[in-house]
Each structure stands twice: as C-alpha cells, then as structure tokens.
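In: whatever this is, show me its structure:
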Amino acid sequence: MTFTAAIPTASSNKDFLLDAWNAQLGSVCGAFRTVASTEQITGSISTRSFMGMEIVNVNVSPSHIIRSQKDVRSDGAEYYFLIGQIAGKAHIQHSGRSVLLAAGDMVLVDSSQESKFIYAGSESKSISNQLSVHVPRTFLEGKLSPHQFGERIEANSDLAHCVWVQLTAIEEVISLFNDSRIYPDAFRELFLKAFTYMFYTDRHQDRFVKIMSNLLKEAGAQVSGVDFLADMSASSRRTIFRIFEKRDTSLGEMLKYIRLLRFLKLCKSHAHSSVHPTVSSLIYQAGFSDISNFNHLFKANFGITPRELMTKH
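Out: Residues are numbered from 1 along each chain as shown. Predicted structure coming up:
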C-alpha cells in the first residue's frame, strides 16, 4: 500500500519570532509551547473546519513543541488530536511512548496528557509538515483503549489507508459545503460514523478496518459481496453484520457514505473542466445503479438534488 494522500501543505512558510509563532500556534492548537535553538521559527499554520472537527496544517522548522501538565490545566482536555505526517519526520513522545513518524504515519494524542513533538534537522530548511485533526472528545470518549495513544499507526496499514482516503476526499470537496443550499446534517452523521469508528476498540476492530479499507478502494466499482468480505476478513456472514451493528450502523449505510463521497468528488473534479458529463453518468460512476433512488438519497443527505448541485458547479 502506497501513501498517496493529496492533503495540501499549509500556506507559504515564512519566518516568525518565537513569541509570534507561539501566539499563532496557541490560537489554533491550544496551549503548546515551542522551544528552538534560535529565536526564529520558519513555518506556517492554517486551519479549516469540517463536520464538527478542526483540521490544521502545521509546517515547522527544527524545534520542540511541548504540552506540559501546566498547559493541560490551563487549556482543558477537550480534544483528541490525530496527527498525520505528510512530509518530513517527527518524534512524538506521548503516553509513555516515543515514536518516529515518517510520511503517511499517524498517531493519536490525548490533550489531557503531556506530549512533546520533536522536529529534527540540521538547518531551518528541514521542514516537517503535519496534519492535526482535532477530534472533539465526545466523538470517541469511552471507545478507545489506553494503548492506542502514542502508538504509531504505520502508513501501510489498513487504518492509515482508511483515514487518509477519507481526509483526502474531504479536502477535495470541502468547498462544496460553502454552498448555502446544502444542509449536510445527515451526511455529517455518516462521515462521523465512518471516521471515528476506525478508532474504536473491540475484538473485531481489525476486521472492521480491513472491510472498510476494501470498500474505500472499490468505491465506484463493482463492490465485493458479503461472502467475499467474510472470506477476506476471516469472518462469517453473521459476524460481518454484527460488526457493523455494534457500531450503530450497517454495511449498506457505510457503502452509501463512500459512494456519496465519491459522487461529490466527481462533481468537484468536473466543476472547472471543459468536459461536462451528465448527472446520470456521474451517478453510475459513483457506483449507484438506480438514479431515482440516488436522487432521493442525495436530497435526504444534502437538502438539494444532484442536478441542483451540478447546476452551480
């Protein structure tokens, strides 16, 4: 599995005095303190909101970014941070572990605990680029085990693949949600289920992630049936259905989410293209076979019809 996320880097890097950098970092990420060998930091920070989460890009030259118990007390423990390494490398010390992240790797960080981010390098040009997804604690509270924090999620794992595919897709379509006609509350629920359930802890979690990884890879294609998914994940058909039921969802519901997301990506990719495909052709490309049913599904999730969305884009 190759790391191919298309998440953009933050805005152009520039030089900051250390105090100015810390002020900007604090305004976006909360109580963190940067320590560097000089009084100058090269980097950039940008942020955007989506579906109840903040997604932050942090580019930074060699330095240490620290969150102490004093910082925790002043800032509270409102979030879990999902850190994804886009480029460069970083050492993360958290929850009694020290891990090295390379491109594509991830780690979960609990904002209620101390942490240290070490960006190494011999010169200011050694820039590390990270994505930090600020997941409200309520989304994952009680669903995680302590061993998940500070543990490296390898770039070639099914879990990393699932998360990067979703984040990359969301990045591609996020501007569509600025359309005042769209009311994505129902789709938001699907997204939060698909995204946060990736991190839940139970004895079937590896199987759930493997199944979702397969579905995400095949979005828009002829999706494998339940028998294939059962064989692929070493499960019975009954277990497959129970795995999803325990997560308050269904295999069909997750497949609808994946295909809706693919349809949005197709709409976005053709927005400024000289080729203007029909709505029905995009519906088929997204993996739906019944246009009437899709129209009802789309309007239920977004408040407008696919044709209305395409009229503007």
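In: where do the strands of the stretch 101-250 of the chain begin and end?
Out: Per DSSP state E, counting those that start in this stretch, the stretch 101-250 of the chain carries strands over the ranges 106-110, 115-119, 128-136.
In: of the ones you listed, which is nearest Lys14?
Out: Taking CB to CB, strand 128-136 is the member of the strands of the stretch 101-250 of the chain nearest to Lys14, at 14.6 Å. Any C-beta I mention is one placed from the backbone N, CA and C, and that applies to glycine too.
In: so what touches that closest one?
Out: 7, 9-10, 29, 52-60, 78-90, 101, 119, 121, 167, 196 (CB atoms under 8 Å, 6 or more residues apart in numbering).
In: just checking: what are the partner strands of that strand?
Out: Within its sheet, and counting by DSSP bridges, strand 128-136 is paired with strand 53-60 (antiparallel), strand 79-87 (antiparallel).
In: what mean pLDDT does the lengthiest strand in the chain have?
Out: Scanning the chain for the strand with the most residues, using DSSP state E, yields strand 40-50. Average pLDDT, strand 40-50: 91.
In: so in that sheet, which strands flank the helix or strand containing Gln93, and in what orientation?
Out: Using DSSP states H and E, Gln93 sits within strand 90-94. Paired strands of strand 90-94, with direction, are strand 97-101 (antiparallel), strand 115-119 (antiparallel) (DSSP bridges).
In: Phe187: which of those strands is closest?
Out: With CB to CB as the yardstick, what comes closest out of the strands paired with strand 90-94 is strand 97-101 (30.6 Å).
In: show me what contacts Pro146?
Out: Ser95.
In: quick check: buried residues in the helix or strand harbouring Asn301?
Out: Assigned by DSSP H and E, Asn301 falls within helix 291-302. For helix 291-302, burial by neighbour count (16 or more other CB atoms under 10 Å) applies to Phe294, Asn295, Leu297, Phe298, Asn301, Phe302.
In: the second one contacts Pro306, doesn't it?
Out: Yes. With contact defined as CB atoms under 8 Å, Asn295 counts as touching Pro306 (6.3 Å).
In: follow-up on the earlier one: rebuild the strands of the stretch 101-250 of the chain as CSV, extending it with mean pLDDT and distance to Gln40.
Out: Converted to CSV, the strands of the stretch 101-250 of the chain look like this (pLDDT from 0 to 100; distance: least, CB to CB, whole Å):
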stretch, mean pLDDT, distance to Gln40
strand 106-110, 96, 26
strand 115-119, 96, 14
strand 128-136, 94, 16
